[in-house]
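> Show me how the following folds:
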Amino acid sequence: MSKALALLDCFRLQDTPMGVTELARQTGLPKSTAFRLLAHLEEIGYVERHGKQYRPGWLLFELGTGFDAVQPRGLRSAALPHMADLFALTKQTVHLGALQRDEIIHVARMRGSQSVVWPIRYGGRGPATCSSMGKILLAHRPASEVSKVLRGPLPKMTKYSIVAPGVLAEQLKRAREQGYAVEREETGPGLLSVAVPVNYGGRAIAALALAGRSGAFKFEAHVDQLRRSAALIGKSLQEMR
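Below you'll find the predicted structure:
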């Protein structure tokens, strides 16, 4: 079972089809074992084979979209209408993220055909210390958790990623005071984003962000609307209970 799960985990990190040789290399499995397990996973429906390459099957999609793993339950459903309204008002990419240990999980995304593309795909995850969503959520975590993250090492996605613990600590302090966090090309070149917390039950359970092109996106003009949208998401969650 663990070997089959290791094969499936390869697709979490890479969203392009892969052959048996590459999957065996990534998992450390013998090629014959990888081929046998992939055939079994294909029969069940967890992977699909196209020629000599494999990709996740529809059964994984059904499983993932049918179960809301992010707490509180219903977060994504509550957020999507308000994210759509926010996109209509700002014409900037809208993201919803949740913190899991020291990583930010991208729970939902709303963007137009001309919107800036976030380097981390929907459903994927990335270092919390590099993104505005991760920073604003870390800023609301207990000091003991933040200290553990700051002890590093701090990941570096671009040359602008903050890898100095003192600098990041100051950014988190400022985020707590301002109520929002900013990322400047720390997850991808040309990307600027701003995020605020989504509060529910007296704590920050998610982050709502707007992302635009660095140099063109004037985030200051949208912070108040971003806060209002985050508040509406929290209110919708409350009404669902």
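> Who are the packing partners of the lengthiest helix in the chain?
The longest helix of the chain (DSSP state H) is helix 223-240. Judged by 3 or more Cβ pairs under 8 Å, 6 or more residues apart in numbering; DSSP states H and E, the packing partners of helix 223-240 are helix 75-90, strand 191-200, strand 203-213. (Glycine included, C-beta is placed from N, CA and C.)
> Take the ones you listed and lay them out in JSON lines including mean pLDDT.
JSON lines is the format used below for those (pLDDT from 0 to 100):
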{"stretch": "helix 75-90", "mean pLDDT": "92"}
{"stretch": "strand 191-200", "mean pLDDT": "95"}
{"stretch": "strand 203-213", "mean pLDDT": "94"}
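> what about the helices in this protein?
2-13, 20-27, 31-44, 58-66, 75-90, 132-138, 143-150, 165-178, 223-240.
> List the buried residues for the second one?
What it means is helix 20-27. 20, 22-24, 26-27 (16 or more other Cβ atoms under 10 Å).
> Tell me how the chain divides into domains.
2-64, 69-240 (automatic domain parsing).
> Let me see the mean pLDDT of the first one.
Along domain 2-64, the predicted local confidence has a mean pLDDT of 83.
> Can you list the buried residues in the longest helix of the chain?
For helix 223-240, using 16+ other Cβ under 10 Å, the buried residues are 223, 226, 229-230, 232-234, 236-237.
> distance between that helix and the chain's centre?
19 Å (Cα atoms, centre = their mean, to the nearest Å).
> tell me the angle that helix makes with strand 191-200.
For helix 223-240 against strand 191-200, the angle by axes from the mean of the first three to the mean of the last three Cα atoms, to 10 degrees is 40 degrees.
> what is the mean pLDDT for helix 223-240?
93.
> Quick one: neighbours of residue 44, just the number.
10 (other Cβ atoms under 10 Å).
> likewise residue 220?
Residue 220, neighbours per other Cβ under 10 Å, totals 10.
> who's sitting farthest from the centroid in this structure?
residue 32 (34.5 Å; Cα atoms, centre = their mean).
> gap between residue 148 and residue 139?
15 Å (Cβ to Cβ, to the nearest Å).
> Quick check on the two: which one has the bigger neighbour count.
residue 139 (23 against 13).
> Can you tell me the closest non-neighbouring residue to that one?
Closest residue to residue 139 apart from its sequence neighbours, by Cβ to Cβ, 6 or more residues apart in numbering: residue 175 at 4.0 Å.
> Touching, that neighbour and residue 137? I think so.
No: counting by Cβ atoms under 8 Å, residue 175 stays clear of residue 137, with 9.4 Å between them.
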